[in-house]
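Asks: Based on what follows, work out the 3D shape:
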Amino acid sequence: MRTNIVLDDQLVTEAFKYSSVKTKKELIHIALREFVERKHCLNLLDLEEMGEFEEGDDYKMGEKQ
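Replies: Model (predicted):
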């Protein structure tokens, strides 16, 4: 998907310090992947807190082992 956006130059410069990538495109892809992974992990933690996910559950099969 092609998109034109205005980025915070200071934030981009700081993000490059923590990354080995050379382009803004690569940096944004990493940021998006990490954002999605983090949200996924938080959703799993929410399920655990609600008692819907317990240790030993096979979340792929929907059953306890």
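Asks: can you list the residues that contact stretch 10-28?
Replies: The contact list for stretch 10-28 (C-beta atoms under 8 Å, 6 or more residues apart in numbering) reads Leu7, Ile30, Ala31. The C-beta positions use only the backbone N, C-alpha and C, and glycine is treated the same way.
Asks: what about the last one, how many residues close to it?
Replies: Neighbouring residues of Ala31 were enumerated by other C-beta atoms under 10 Å; the total is 14.
Asks: Filter the contacts of stretch 10-28 down to the ones in helices?
Replies: Ile30, Ala31 (DSSP state H).
Asks: Put together JSON lines for the contacts of stretch 10-28, with pLDDT and distance to Lys39 on each row.
Replies: Shown next, in JSON lines, are the contacts of stretch 10-28 (pLDDT from 0 to 100; distance: C-beta to C-beta, whole Å):
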{"residue": "Leu7", "pLDDT": "96", "distance to Lys39": "21"}
{"residue": "Ile30", "pLDDT": "96", "distance to Lys39": "15"}
{"residue": "Ala31", "pLDDT": "95", "distance to Lys39": "13"}
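Asks: okay if I get the contacts of stretch 10-28 as CSV plus distance to Lys22?
Replies: Below are these laid out as CSV (distance: C-beta to C-beta, whole Å):
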residue, distance to Lys22
Leu7, 16
Ile30, 12
Ala31, 15
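Asks: which one of the contacts of stretch 10-28 is nearest Leu42?
Replies: The shortest gap between Leu42 and any of those belongs to Ala31, at 16.4 Å (C-beta to C-beta).
Asks: so what's that closest one closest to, chain neighbours aside?
Replies: Ala15 (7.1 Å; C-beta to C-beta, 6 or more residues apart in numbering).
Asks: how many neighbours does the one you found have?
Replies: Ala15: 17 neighbours (other C-beta under 10 Å).
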